[in-house]
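**Student:** just the structure for this:
(3 chains)
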Amino acid sequence: MKAAGLDEPYQKRTPLLEVEDLTAGYGAAPVLHDVRLTVRPGEIVAVLGANGAGKTTLLRTLSGLVRADHGRIAFDGEELRGVRVEQMVRRGIAHVPEGRGVVTELTVDENLRLGGLWRRDRADAARALSEVYDLFPALAQRRASAGHQLSGGERQMLALGRALIGRPRLLLLDEPSLGLAPMVTAQILALLRDLRERTGLAVLLVEQNVRSALSVADEGVVLSLGRVVTRNSAADLRDDAALRHAYLGF
Amino acid sequence: MDRFVYLTFDGLSRGAVYAAFALALVLIWRAARIVNFAQGAMAVAAVYVGYSVTEKTGSYWLGFAASLVFGLLLGIAVEKAVMRFVDHSSPLNGVVVALGLVLIVQGVLGILYGNEYRPVETPFRRDAFEVGGVALLSRYDVFVFAAVGAVVVALTVLFTRTPVGLRMRAAAFAPDVSRLLGVPVGGMLTLGWALAAAVGSLAGMLVVPTELGLHPTAMDVVFVSAFTAAVVGGLDSPIGAVTGGLIVGLLLSYVSGYLGATVAPMAVLLLLVVVLLGRPGGLFSSSKARLA
Amino acid sequence: MTGVLQKSPTRSGQTLARRRRRVPPLVPIILGALLVLALTYVLPPFRNYQLATVGAYFTVTAGLTVLTGLNGQLSLGHGALMATGAYTFALAQNRWLSMPLSVLAAILTTTLAGVVIGLAAARLRGPYLAGLTLAVAVVVPSVTSTFDETFNSDMGLSVALDPPPGVVPMEQWQAWLCWAGALVTAFLLATLVRGRFGRDLRAVRDDETAARLAGVHVARTQVIAFVVSAACAGLAGVLFAFLAQSVSPGAFPLTLSLFLVMAIVIGGLGRLVGALLGAVLLVALPALAQTASERSGSQHLEGNLALVIFGVVLVVVMLAAPGGLASIHTNFRRKR
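**Tutor:** Residues are numbered from 1 along each chain as shown, chains lettered A, B, ... in the order given. Here you go, the predicted structure:
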């Protein structure tokens, strides 16, 4: 099934997320300065940059965990600033935080159900749950295991699956490859491509692993010290040797 | 031997009350990482309310219900008006604020009701039935077991079988992640305080008639016993709290029965010291330090 | 001035040290002693009695603020330690009728109790330590019923005292002795916390791991802090027994321990001036509440109104101070 409006190339679609002049941080010193970026439906945008560039802070600001000092965050044309964190899922934004955010004291099944508790449409939430189990058979086998018993890859699948149960339109994904074997990372990134093909899911992907991020992304945004230094197509970024050396370290 | 059997049942009955009270402490500790030192004072306030309603209406059960409802509301008020604003950089902050609440509650109760001990009626007789010539337990003990048992079952079902329970557990373990998944974490915290305060009120209603009577400080000793019970079980564990409560109840009963009632508080203190120093994570956990 | 201090920490340290050398703690102590002495000649007997009570409270709050404010250990058991001192004093006094001997016995006993609790306390943190000391505060008064032949249960003991020397009125004599105890305690504490030991106390409070890495013996520092403050509580207990000329468990309820915590928090944690301010509040607020309740004619207000006021003030202070207890002592450091 293809989502509506996905027949045209993503560059021409109306933006889903538009960030303008976003400044945010903790306390007095901002971490992000005048950040601008756009994510369209079905587009995968990679946020790249060195440690401390502000990538995680950017995602946390978008989902409301960090308060924005000024700027505009428009999602589907509506301002997101001031919307409470708890409301983000209801708007269609899923944030898989750094370290995956599996509630380790709860079982796999409880973690997944937690992802659908906010939904009014109970029937669809149940359907989404079984879809996730189909998508990740490994999770289905470990339904009753506690989160802390899972491997890193299983935790990433669990966090991702839990996000999908909310049937989000935008996925904020923080460092999915962290601590995972390359095989597992490749699997997860392939899944992202597949999801955007099938459901028009838009992804804002924060990654340390630049190569794999650019292999799956359509566009890349390079952050350095909290500022956007380049926005370009993933292919161009891959080819731009000077940029790679300066900011991405390979 | 007869005496031992009697003391065992008596100890289990006391223990059930401590279990309920310890459970209330554990509920708040799990949800907010605060040991609610005001739990005893809040419970006494609820018992006074129940006592007043019973006196006005002549019905124990109306008073009983009023006490639990008042406890629930007091829990909500304390969380929303005070505890929510406590800074968590040091665990002492919550303790000191709770102590301030103790002073306020005890002072207000003293102003409203005076500082005399008031005898409180029980809904059932407290003399024990005999089975084969051995005094076992009283109707009141049965009532205590039933009430505490109902609370334990209800809480277990709530936490393990319902969406609200799942939200509450998630909010306690991982507040940020829970918010990202649409869980109203603040509301869950308030609910936790409300439930805990209601359970504490129940424990107060059950224990006050068996002690000296109603007084603003009536729960001080009970609080120490229940805190010991919670520590014995490990502050994080509801099952541990129930087990710890029964252990403390039995200890108190045997010590009172064989060595004299005035020695009992010292036995509790001794148990607390031994557990704190010997089994730092409580009897049922494996953590190492009491670095709360 | 503060700007300069912040920019060069080493120089500010020297400045502070030099200033400290210029004003040894002896000077404020002597000034305080002279002030108290002068006051006792002009105040009426009842005010002298209140002044004496302030001195007795200051003795224990000074020790407690070192423990909680400088070392970060919250004790809810200092009321019980005071009871220990008071009872030892009463028993010794009734047997030997020798003040110095009885005071010494009382302080020694409390110090011993402090060692026991302190050893346990050094292994406990936060709410666990608070819970243990709370248990001590609740349980210790019941000891008087267990050994009622010695302690005479709830009735307590009367304390045999020599009459004041010469023509000095009783209340004036009480004020002198209480303040002698308080000022000697304050002097010893001030001297103790200025040196290396004071630095160790703060280091342990702020970051145990860092303190350990810097070569501070954490557990020993904590035990010593507890023992020192227990000894202060013991002396304060003596002064309470001396003031009341009797001891009973009712004089050392849990609320006394809570009052002490409140006093040091409101006064400003970790400084002796704060402990003094707290001690003044402990006497002044109940007196004011008493007056208010007499005016209103309600018997229930008596005592209870003070409880409510103390509780409200404590909660408000804690919530208003950003960071809670920590900011209460950081603010102080900045001001200094």
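
**Student:** where in the stretch 1-150 of chain C is pLDDT low?
**Tutor:** Residue ranges of the stretch 1-150 of chain C with pLDDT under 70: C:1-24.

**Student:** ok, now with 50
**Tutor:** C:1-22 (pLDDT under 50).

**Student:** what residues does it have near chain B?
**Tutor:** By Cβ under 8 Å from any Cβ of the partner chain, the part of the stretch 1-150 of chain C that sits against chain B consists of C:72, C:74, C:76, C:120, C:123-128, C:130-132, C:134-136, C:138-139, C:142-143, C:145-146. All C-beta spots, glycine's among them, are computed from the backbone N, C-alpha and C.

**Student:** are any of the residues you listed buried, and which?
**Tutor:** Buried residues within those, defined by neighbour count using 16 or more other Cβ atoms under 10 Å in any protein chain shown: C:72, C:74, C:76, C:120, C:124-128, C:130-132, C:134-136, C:138-139, C:142-143, C:145-146.

**Student:** give me the neighbour count for residue C:56.
**Tutor:** Each residue near residue C:56 was counted by other Cβ atoms under 10 Å in any protein chain shown, and the total is 30.

**Student:** that one is in contact with residue C:182, isn't it?
**Tutor:** Yes: under the criterion of Cβ atoms under 8 Å, residue C:56 makes contact with residue C:182 at 7.2 Å.

**Student:** shared neighbours of these two, which are they?
**Tutor:** Taking Cβ atoms under 8 Å, 6 or more residues apart in numbering or on different chains as the contact rule, residue C:56 and residue C:182 both touch residue C:239.

**Student:** next, count neighbours for residue 192.
**Tutor:** Just so you know, I chose chain A. 19.

**Student:** my question was about chain C
**Tutor:** With other Cβ under 10 Å as criterion, residue C:192 counts 16.

**Student:** likewise the one 5 residues further on?
**Tutor:** Residue C:197 sits with 16 neighbouring residues when counted by other Cβ under 10 Å.

**Student:** cool, residue C:189 as well?
**Tutor:** Counted with other Cβ under 10 Å, residue C:189 comes out at 23.

**Student:** looking at this, it is in a strand?
**Tutor:** No: Residue C:189: not assigned to a strand; according to DSSP: H, G, I helix; E, B strand; the rest coil it is helix.

**Student:** my read is that residue C:111 contacts residue C:233, right?
**Tutor:** No: look at residue C:111 against residue C:233 with Cβ under 8 Å: they stay out of range, at 9.9 Å.

**Student:** buried sites along the one helix or strand residue C:95 maps to?
**Tutor:** Taking DSSP states H and E as the criterion, residue C:95 maps to helix C:78-96. Within helix C:78-96, the residues that count as buried by 16+ other Cβ under 10 Å are C:78-93.

**Student:** what does stretch C:301-321 give?
**Tutor:** Applying 16+ other Cβ under 10 Å to stretch C:301-321 flags C:301-311, C:313-315, C:317-319, C:321 as buried.

**Student:** list the helices and strands the one helix or strand residue A:45 maps to packs on?
**Tutor:** Applying DSSP H and E as the criterion places residue A:45 in strand A:44-48. Here strand A:44-48 touches strand A:29-39, helix A:55-62, helix A:182-199, strand A:202-206, helix A:210-216, strand A:219-224, going by 3 or more Cβ pairs under 8 Å, 6 or more residues apart in numbering or on different chains; DSSP states H and E.

**Student:** tell me how far it lies from the chain's centre.
**Tutor:** Distance of strand A:44-48 from the chain centroid (Cα atoms, centre = their mean, to the nearest Å) equals 9 Å.

**Student:** how about the helix holding residue C:95 as PDB, C-alpha atoms only?
**Tutor:** Presented in PDB, the C-alpha positions along helix C:78-96 are these (Å, rounded to 0.1, in the frame of the first residue of the first chain):
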ATOM      1  CA  HIS C  78      19.700  14.300  67.900                       C
ATOM      2  CA  GLY C  79      16.700  14.600  70.200                       C
ATOM      3  CA  ALA C  80      17.400  11.100  71.400                       C
ATOM      4  CA  LEU C  81      21.100  11.900  71.900                       C
ATOM      5  CA  MET C  82      20.000  14.900  74.000                       C
ATOM      6  CA  ALA C  83      17.900  12.500  76.100                       C
ATOM      7  CA  THR C  84      20.900  10.300  76.500                       C
ATOM      8  CA  GLY C  85      22.900  13.100  77.800                       C
ATOM      9  CA  ALA C  86      20.200  14.400  80.000                       C
ATOM     10  CA  TYR C  87      19.400  11.100  81.600                       C
ATOM     11  CA  THR C  88      23.100  10.300  82.200                       C
ATOM     12  CA  PHE C  89      23.500  13.700  83.800                       C
ATOM     13  CA  ALA C  90      20.500  13.200  86.000                       C
ATOM     14  CA  LEU C  91      21.600   9.800  87.200                       C
ATOM     15  CA  ALA C  92      25.200  10.900  87.800                       C
ATOM     16  CA  GLN C  93      24.100  14.100  89.600                       C
ATOM     17  CA  ASN C  94      21.700  12.200  91.800                       C
ATOM     18  CA  ARG C  95      24.400   9.900  92.900                       C
ATOM     19  CA  TRP C  96      27.500  12.100  93.200                       C
END
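
**Student:** the closest residue to residue B:275 other than its chain neighbours sits in which helix or strand?
**Tutor:** Using Cβ to Cβ, 6 or more residues apart in numbering or on different chains and skipping residues adjacent in sequence, the residue nearest residue B:275 is residue B:232, 5.2 Å away. Following DSSP H and E, the helix or strand that holds residue B:232 is helix B:220-233.

**Student:** now that helix - C-alpha only, PDB.
**Tutor:** Output of helix B:220-233 as PDB, limited to C-alpha atoms (Å, rounded to 0.1, in the frame of the first residue of the first chain):
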ATOM      1  CA  ASP B 220       5.200   7.500  64.700                       C
ATOM      2  CA  VAL B 221       6.000   4.000  66.000                       C
ATOM      3  CA  VAL B 222       4.000   2.400  63.300                       C
ATOM      4  CA  PHE B 223       6.000   4.400  60.700                       C
ATOM      5  CA  VAL B 224       9.300   3.100  62.100                       C
ATOM      6  CA  SER B 225       8.000  -0.500  62.000                       C
ATOM      7  CA  ALA B 226       6.700  -0.100  58.400                       C
ATOM      8  CA  PHE B 227       9.900   1.700  57.300                       C
ATOM      9  CA  THR B 228      11.800  -1.300  58.700                       C
ATOM     10  CA  ALA B 229       9.500  -3.600  56.900                       C
ATOM     11  CA  ALA B 230      10.100  -1.800  53.600                       C
ATOM     12  CA  VAL B 231      13.800  -1.800  54.200                       C
ATOM     13  CA  VAL B 232      13.800  -5.500  55.000                       C
ATOM     14  CA  GLY B 233      12.000  -6.200  51.700                       C
END
